[in-house]
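**Student:** Next comes the sequence, and after it the predicted model I'd like to discuss.
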Amino acid sequence: MSECPHVPELPRPEPQPLSATCRECLAAGSHPVQLRLCLECGHVGCCDSSPFRHATGHYEETGHPVMRSFEPGENWRWCFPDQRIV
C-alpha cells in the first residue's frame with residue numbers, strides 16, 4: 001500500500017463509527033454486502049457490490065476522500081480521488 005496526499009490530512013485518531021452497519025441500507029430495507037468506514041467522519045456505508053453503493057455515495061456527497069474496510073480482520077484503505085489503495 002502507498003500513501004496519497006489525502007492520508008496525512010485525515011483526523012487522528014481515526015473517527016469512531018457512527019453506526020454498526022449501513023443506516024441507509026436499513027432505511028431502504030436492503031442488506032449491505034460489505035461495510036466501509038469514512039476516515040473523515042465515521043460514516044458507515046455499504047460497498048459498491050451492494051445495490052445502493054452508500055459508501056461511494058457518501059464520498060460523492062461530502063468529498064471525504066479516504067475510507068477503510070469495516071469488515072473484521074481487514075484494514076485496507078481506499079482513496080476515492082486517487083482511485084487506489086493507500
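**Tutor:** All right, it came through fine. Numbering: from 1, shown residues only.
**Student:** right, and Cys46 touches Arg36 too?
**Tutor:** Yes: with contacts counted by C-beta atoms under 8 Å, Cys46 reaches Arg36, the gap being 7.3 Å. Placement of C-beta: from N, CA and C, glycine included.
**Student:** list the residues that contact both of these two?
**Tutor:** Common neighbours of Cys46 and Arg36 are listed as Ala55 (criterion: C-beta atoms under 8 Å, 6 or more residues apart in numbering).
**Student:** Tell me the spacing between Ser69 and Ala27.
**Tutor:** 22 Å (C-beta to C-beta, to the nearest Å).
**Student:** Who has more neighbours out of those two?
**Tutor:** The neighbour count for Ser69 versus Ala27, taken as other C-beta atoms under 10 Å, is higher for Ser69 (17 against 8).
**Student:** Setting aside sequence neighbours, what's the nearest residue to that one?
**Tutor:** Closest residue to Ser69 apart from its sequence neighbours, by C-beta to C-beta, 6 or more residues apart in numbering: Trp76 at 5.5 Å.
**Student:** confidence score at the residue sitting furthest away from the middle of the chain?
**Tutor:** Among the C-alpha atoms of the chain, the one most distant from their mean position (C-alpha atoms, centre = their mean) is that of Gly29, at 20.0 Å. Note for Gly29: predicted pLDDT of 96.
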